[in-house]
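Participant: The amino acid sequence is not available; the structure is as follows:
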């Protein structure tokens with residue numbers, strides 16, 4: 001089986017290349033070979049490679065930057081997924097696409113289900129929602145997997161930023177009123193590989209699914225877990241102070257509640273991501 005993965009050097013794409021190595025030939029293309037802002041280039045590569053499965057792990061993920069360059073965000077997050085869906089439909093192959101908790105406004109009291117109506121707060125969330133809608137409009141076989149708070153040991157993410165700042169500073173203030181599930185890119189890739197195996201075994205429950213680590217915490221709670229690991233290794237570590245979002249203003253508003261109910265995924269595909277703490281532990285062991 002030939003699997004086309006977009007976003008060669010991205011957090012999820014890197015992990016997918018390892019997790020899918022036994023599933024077939026993984027063809028991972030980065031921006032130097034496949035620019036998702038250029039629809040004609042997307043069509044050209046897909047038609048030349050004729051994959052049996054397409055996994056779109058690339059995205060414009062700079063949430064604050066998206067506010068000042070909406071055209072770029074929509075080209076990559078909205079138009080490109082629609083083009084990939086069209087090409088997948090022509091080939092008669094499935095598309096797996098990753099979306100985000102940011103399609104919701106965070107005003108709900110409990111965890112969001114797939115039936116809740118999206119209401120993104122900023123350009124990033126709106127562009128990702130538009131990407132979902134573009135894929136659905138094509139009508140081909142697809143999985144849209146909404147995940148949250150993705151991190152790994154490479155790239156730019158909260159884990160690496162916290163590890164650095166906690167060792168550089170005496171005191172660090174971290175937002176404590178945004179709640180969600182930190183989700184390791186390795187868990188995303190490994191569970192995606194399980195979905196691929198389920199598909200090969202005959203499961204065809206296509207659609208939108210929530211796809212995060214189990215459990216929940218705040219950014220402050222996540223930072224505290226990272227700090228605990230640093231202290232256990234005998235490394236210097238700053239004192240952490242919890243603050244509300246209002247004390248850490250950003251160009252783009254973030255949802256206060258990013259909790260996603262993943263029970264539909266477990267029911268339809270018999271897979272579930274590990275707890276966020278187990279994911280963090282597994283990630284740090286790779287270091």
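Facilitator: Cool, the structure landed. What you are looking at is a predicted structure, and each value in this text was computed from that prediction instead of being measured. Numbering: from 1, shown residues only.
Participant: what does whichever strand or helix holds residue 264 contact?
Facilitator: If you go by DSSP states H and E, residue 264 is part of helix 263-269. Applying C-beta atoms under 8 Å, 6 or more residues apart in numbering, the contact partners of helix 263-269 are 113, 114, 194, 195, 198, 203, 205, 209, 210, 211, 271, 272. All C-beta spots, glycine's among them, are computed from the backbone N, C-alpha and C.
Participant: tell me the secondary structure for the closest residue to the second one other than its chain neighbours?
Facilitator: If I follow you right, that is residue 114. Leaving aside its sequence neighbours, residue 114 sits nearest to residue 208 (C-beta to C-beta, 6 or more residues apart in numbering; 5.0 Å). What DSSP: H, G, I helix; E, B strand; the rest coil gives for residue 208 is strand.
Participant: So what sits opposite residue 208 in the bridge?
Facilitator: With DSSP bridges as the criterion, residue 208 is bridged to residue 144.
Participant: Could you do residue 275 as well?
Facilitator: Beta-bridge partners of residue 275, counted by DSSP bridges, are residue 214.
Participant: Now name the helix or strand holding the nearest residue to residue 39 once chain neighbours are set aside.
Facilitator: Of all residues beyond its chain neighbours, the one nearest residue 39 is residue 83 (4.8 Å), with distances taken as C-beta to C-beta, 6+ apart. Following DSSP H and E, one finds residue 83 within helix 80-91.
Participant: For that helix, buried residues please.
Facilitator: The neighbour-count check on helix 80-91 (16 or more other C-beta atoms under 10 Å) flags 80, 81, 82, 83, 84, 85, 86, 87, 88, 89, 91 as buried.
Participant: What is that helix packed up against?
Facilitator: On a contact count with 3 or more C-beta pairs under 8 Å, 6 or more residues apart in numbering; DSSP states H and E, helix 80-91 meets helix 39-49, strand 53-56, strand 95-100, helix 123-138.
Participant: How about residues contacting that helix?
Facilitator: By C-beta under 8 Å, 6+ apart, the list of residues contacting helix 80-91 reads 6, 36-37, 39, 42-43, 46-47, 50-51, 54, 56, 58, 94-95, 97, 131-132, 134-135, 137-142.
Participant: Show me which of those are buried.
Facilitator: Looks like the contacts of helix 80-91 have 6, 36-37, 39, 42, 46, 51, 54, 56, 58, 94-95, 97, 131-132, 134-135, 138, 140-142 buried, using 16+ other C-beta under 10 Å.
Participant: all strands for the protein, in order.
Facilitator: 2-6, 25-29, 53-56, 95-100, 142-147, 150-151, 171-175, 179-180, 183-184, 207-210, 217-218, 239-243 (DSSP state E).
Participant: Tabulate the ones you listed (a markdown table), appending mean pLDDT and distance to residue 157.
Facilitator: Shown next, in a markdown table, are these (pLDDT from 0 to 100; distance: least, C-beta to C-beta, whole Å):
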| stretch | mean pLDDT | distance to residue 157 |
| --- | --- | --- |
| strand 2-6 | 97 | 19 |
| strand 25-29 | 95 | 19 |
| strand 53-56 | 98 | 19 |
| strand 95-100 | 98 | 14 |
| strand 142-147 | 98 | 13 |
| strand 150-151 | 98 | 4 |
| strand 171-175 | 97 | 14 |
| strand 179-180 | 98 | 14 |
| strand 183-184 | 98 | 10 |
| strand 207-210 | 98 | 20 |
| strand 217-218 | 98 | 16 |
| strand 239-243 | 97 | 18 |
